[in-house]
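Asker: Let me see the structure of the following:
(one chain, ligands or ions: 1)
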Amino acid sequence: MILIRPRLKNSSYPICVGCSLKDLGKGIQKFIFHLNRTPNKALLVTHPSIKNLYGSLIMKSLTHSKIKSSFAFFPEGEEYKNLKTVQLLYKKCIEAKLDRTSCIVALGGGVIGDTAGFVAATYLRGIPLIHVPTTLLAMVDSSIGGKVGVDLAEAKNSIGAFYQPALVWSDLETLKTLPKAELKNGMAEVIKYGVIKDPKLFEQLEKRISKNGQLTFNFSSIVARCAKIKADVISQDEKETKGLREILNFGHTLGHAIETETGYSAYKHGEAISIGMCAAGFIAEKFRMWSASENLRLSRILKSAGLPIRLKKTLPLKNLLTLLFRDKKVLSEDLRFVLPTQIGKVVVKKIPSALALQGIQSIEP
Ligand SMILES: NC(=O)c1ccc[n+]([C@@H]2O[C@H](COP(=O)([O-])OP(=O)(O)OC[C@H]3O[C@@H](n4cnc5c(N)ncnc54)[C@H](O)[C@@H]3O)[C@@H](O)[C@H]2O)c1
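Answerer: Residues are numbered from 1 along each chain as shown. The predicted structure is shown next:
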């Protein structure tokens, strides 16, 4: 097991990579020592399909550690990451009689983690949250850093909080049941880390992602490396007040706009940000901030990983531009994009609307 700890002022926590679900109960007892006591009760928030795969294993582990557990479900899909689901989950918290010594266990991908995390952050003004990510995307990204929240129909991730988990427990064995399409989805964030911070990781990915899109990796080192990059970035800028954390948003400015404009169902998160990274690469090339050859490396690796580099069909330019202005990086009504300067380095830059429009046009089908 690889243990990573972000260095946060008040709320550092263990990120365990390569541990086993069957040891979750023991992990909670061992690692959650900074809470007054080990939680006596847990609400496991998940989808029914994930419960079928891993529910009994986790339940057994928690029971063995004298943590009384029950399940709360909601349907799969980004379109359920909303306030209606949050309300349903609050009811489940009350039915399960959770108090401040209880915890919420988010068992699943980023949709589960973000939504259950928001419930944990707000129920009784906050109860401990344990992330048990089961998708590649959630292991390398969404379970780390404390951003929890849900979407509004008008804008993605627009309701939320910074709320760090007490523990992140990543069992890589769960990736064996993950559909290939979801693995690709997670690869978008893995590639993102290469572009923003880790040229060696990028090169390694270039070598390993074969032409037919076979993603045959030692996921242990990939997940640990990405988790460490994210932990380091959030350690420097926990609540996005210093501008450093914004680099994690590479590809997300337009990616989020695409997800919102298409009703959160036409593109997976990773697919949308893959297209968003291509648009950012195009804009950076236009600015002469990075070379055409590096831009080609970016689109090539995304394509080989089976990710889209263009939209499936044209979306209204005006709508996408309006959505770009709802992005949280907008300051004093200026659009700001995370743009690459070389593989391994990005900067945040103010860009004129006309160039954003060209960026959008560059990813049209
Ligand atoms: N909070 C953050 O910092 C942050 C960062 C990045 C992304 N996100 C959010 O994460 C979400 C995307 O997460 P995601 O890509 O994990 O999608 P997801 O949570 O929708 O999971 C994808 C699908 O995989 C299934 N699944 C999960 N684990 C499985 C397993 N082990 N075996 C079989 N099936 C499994 C799920 O049931 C679901 O149908 C988006 O809402 C995005 O905004 C948040």
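
Asker: contacts, neighbours, all on C-alpha from now
Answerer: Will do.

Asker: Next, the closest residue to Ile343 other than its chain neighbours: phi, psi?
Answerer: In this structure, Ile343 finds its nearest non-sequential neighbour in Val195, 4.8 Å apart by Cα to Cα, 6 or more residues apart in numbering. Dihedral pair for Val195: phi -70, psi -40, per degrees, to the nearest 10.

Asker: Thought Val346 was touching Val195, still the case?
Answerer: Yes. At 7.5 Å, Val195 and Val346 qualify as touching, with contact defined as Cα atoms under 8 Å.

Asker: Can you list the buried residues in stretch 216-236?
Answerer: Across stretch 216-236, burial judged by 16 or more other Cα atoms under 10 Å covers 219-220, 222-236.

Asker: pLDDT on stretch 262-280, on average?
Answerer: The pLDDT scores in stretch 262-280 average 97.

Asker: Now look at it and say if it contacts the ligand.
Answerer: Yes. Using Cα under 6 Å from any ligand atom, stretch 262-280 comes into contact with the ligand via His269.

Asker: then that stretch to CSV, C-alphas only?
Answerer: The C-alpha trace of stretch 262-280 is given here as CSV (Å, rounded to 0.1, in the frame of the first residue of the first chain):
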residue,chain,number,x,y,z
THR,A,262,-25.5,18.9,-23.5
GLY,A,263,-27.6,18.3,-20.3
TYR,A,264,-24.8,16.2,-18.5
SER,A,265,-25.7,13.1,-20.5
ALA,A,266,-24.0,13.3,-24.0
TYR,A,267,-20.4,13.3,-22.8
LYS,A,268,-18.6,11.6,-19.9
HIS,A,269,-16.6,14.1,-17.8
GLY,A,270,-13.3,12.8,-19.1
GLU,A,271,-14.5,13.0,-22.7
ALA,A,272,-15.6,16.6,-22.3
ILE,A,273,-12.3,17.7,-20.7
SER,A,274,-10.4,15.8,-23.4
ILE,A,275,-12.1,18.1,-26.0
GLY,A,276,-11.5,21.0,-23.6
MET,A,277,-7.8,20.3,-23.4
CYS,A,278,-7.6,20.2,-27.2
ALA,A,279,-9.3,23.7,-27.4
ALA,A,280,-6.8,25.0,-24.8
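
Asker: which parts of that stretch are buried?
Answerer: So, applying 16+ other Cα under 10 Å, buried residues of stretch 262-280: 264, 267-280.

Asker: which residues of the chain fall in strands?
Answerer: 2-4, 15-17, 41-46, 68-73, 103-108, 129-133, 147-150, 159-162, 167-170, 335-342, 345-351 (DSSP state E).

Asker: Columns distance to Arg288, mean pLDDT and mean neighbour count on top of these, output as CSV?
Answerer: Shown next, in CSV, are the strands of the chain (distance: least, Cα to Cα, whole Å; pLDDT from 0 to 100; neighbours: other Cα atoms under 10 Å):
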stretch, distance to Arg288, mean pLDDT, mean neighbour count
strand 2-4, 37, 96, 16
strand 15-17, 39, 98, 25
strand 41-46, 46, 97, 24
strand 68-73, 49, 98, 18
strand 103-108, 41, 97, 27
strand 129-133, 39, 97, 28
strand 147-150, 33, 98, 25
strand 159-162, 35, 97, 16
strand 167-170, 40, 98, 27
strand 335-342, 9, 96, 24
strand 345-351, 13, 95, 17
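
Asker: Tyr27 - how many residues pack around it?
Answerer: Heads up, residue 27 is Gly, not Tyr. Close neighbours of Gly27, defined as other Cα atoms under 10 Å, add up to 21.

Asker: again, but for Arg125
Answerer: 9.

Asker: residues touching it, list them.
Answerer: Residues near Arg125 by Cα atoms under 8 Å, 6 or more residues apart in numbering: none.
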